[in-house]
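Colleague: When you get a sec, could you give me coordinates for this:
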Amino acid sequence: MNFTFNEPFIKALVALQQELVKHNPDTTYCAVMGGAIRDMLLNKPIKDIDIFVSGTLNTDWFADNCKLSGKDYGTLTNFMVFNWYTANSDLPVQIIVCKEPLWEVEQKFPCTLSMVHVDYLGAVNMTREFRYAADNELLIFTENCPEEYKERIHAKYPEFL
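Modeller: Okay, the predicted model is just below:
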């Protein structure tokens, strides 16, 4: 599988993460995970950016810059989702605040094709599950994956089995 590494997009993702950490210095880790990275690598349109965060957050900064979202991530628990209104992105940005380590969160994603992320330093990290699914053009879903999510992924990746 040939992957597309969009360097300007990766730099923009790093800048968003750095801005978030600058205002939330007690954040233990943040990464852009899932769909945006998957779609960049597989050369598909990107609809939004999900930044996953663990650690202590600056509630004043969140109150001034974000709004709690009603978005449901289905298979993930112990998290809160915020819409972040930042002038530094043309795409909608969600911040997903997690209580568990992000590597555990990534392993719970309902589709192996979403198990990929860009870290705070701009490194693209592909799990072996992601590589296997991408290399073999397979859509592998968890048992409890919501049907509407499966339909959305199938529509975006009709060439995958």
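Colleague: Lys156: what's its closest spatial neighbour, skipping adjacent residues?
Modeller: Distance criterion C-beta to C-beta, 6 or more residues apart in numbering; nearest residue to Lys156, sequence neighbours excluded, is Lys44 at 6.0 Å. The way it works is simple: take the backbone N, C-alpha and C, and place the C-beta from them, glycine included.
Colleague: typo on my end, it should be Phe79
Modeller: Cys98 (4.8 Å).
Colleague: Just to check, that neighbour is in contact with Ser54?
Modeller: Yes. Counting by C-beta atoms under 8 Å, Cys98 does reach Ser54; the two are 5.0 Å apart.
Colleague: Please enumerate the strands of the chain.
Modeller: Taking DSSP state E as the test, the strands found in the chain are 27-33, 49-55, 66-68, 79-84, 93-98, 116-119, 124-126.
Colleague: Go through the last one and flag the buried ones.
Modeller: Taking 16 or more other C-beta atoms under 10 Å as the neighbour-count basis, strand 124-126 is seen to contain the buried residues 124, 126.
Colleague: swap in the second one?
Modeller: Judged by neighbour count using 16+ other C-beta under 10 Å, the buried positions of strand 49-55 are 49-54.
Colleague: thinking again about what came up before, give me the pLDDT for the residue nearest to Lys156.
Modeller: Note for Lys44: predicted pLDDT of 96.
Colleague: Next, count neighbours for it.
Modeller: Lys44 has 13 neighbouring residues, counting by other C-beta atoms under 10 Å.
Colleague: That one: what's it in contact with?
Modeller: By C-beta atoms under 8 Å, 6 or more residues apart in numbering, Lys44 lies in contact with 38, 156-157.
Colleague: Over to Cys30?
Modeller: 17, 20-21, 51-54, 102, 120.
Colleague: Nearest to Ser69 among the residues you listed?
Modeller: Ile51 (12.7 Å; C-beta to C-beta).
Colleague: ok, what's across the strand from the closest one?
Modeller: Val32, Ile95 (DSSP bridges).
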